[in-house]
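[1] attaching a predicted model along with its sequence, questions to come.
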Amino acid sequence: MKLVLVFLHYQSESQRFPEISWTEFCTLCKEGKKILGSTLTIRDLDKIFIDEARDSPRKVKNSNKEKSICRYEFIEILIRMAIKRYINKKDSKSNTYNEAIDRFLEQDFLPNVKSADY
């Protein structure tokens with residue numbers, strides 16, 4: 001539920017309502033002090049987004065849909081970010097995808113972003 005409230009907050013401020021533009025998502029990640037770092041950079045976010053856009057069933061040729069994300073894509077991107085940050089790292093304490101996702105959301109993402117107050 002917390003992720004939905006985060007998405008709703010940024011969606012309500014988006015110029016591409018009911019979606020979040022990729023630029024707005026990157027700004028969200030830059031503003032959160034612990035979201036990006038040495039193991040997860042803006043370059044990594046770009047690659048994650050390109051992979052997501054390529055794999056998305058919403059992809060329409062020559063469409064702005066490739067430059068924005070809906071709620072399920074938002075969640076998929078967060079999962080890819082968690083995997084990039086915490087899986088297959090020598091100093092990682094996360095051995096499974098579930099641990100990596102939980103750790104990323106609880107320690108890095110949710111405490112550092114705004115959410116809607118519903």
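    Sure, I can see it. Everything numeric here is computed off the predicted structure, so don't read it as measured data. Numbering: from 1, shown residues only.
[2] could I get the full set of strands for the chain?
    Ranges of strands within the chain are 20-21, 68-69, based on DSSP state E.
[3] pLDDT averaged over the first one, what's the number?
    This means strand 20-21. What strand 20-21 shows for mean pLDDT is 86.
[4] which one of the strands of the chain lies closest to residue 113?
    Closest to residue 113 of those, according to CB to CB: strand 20-21, at 11.8 Å. The C-beta positions use only the backbone N, C-alpha and C, and glycine is treated the same way.
[5] what helices and strands are in contact with the closest one?
    Applying 3 or more CB pairs under 8 Å, 6 or more residues apart in numbering; DSSP states H and E, one finds that strand 20-21 contacts helix 2-12, strand 68-69.
[6] Serialize these to TSV and add fields for mean neighbour count and distance to residue 96.
    Listed next are these as TSV, based on neighbours: other CB atoms under 10 Å; distance: least, CB to CB, whole Å:
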stretch	mean neighbour count	distance to residue 96
helix 2-12	17	20
strand 68-69	24	26
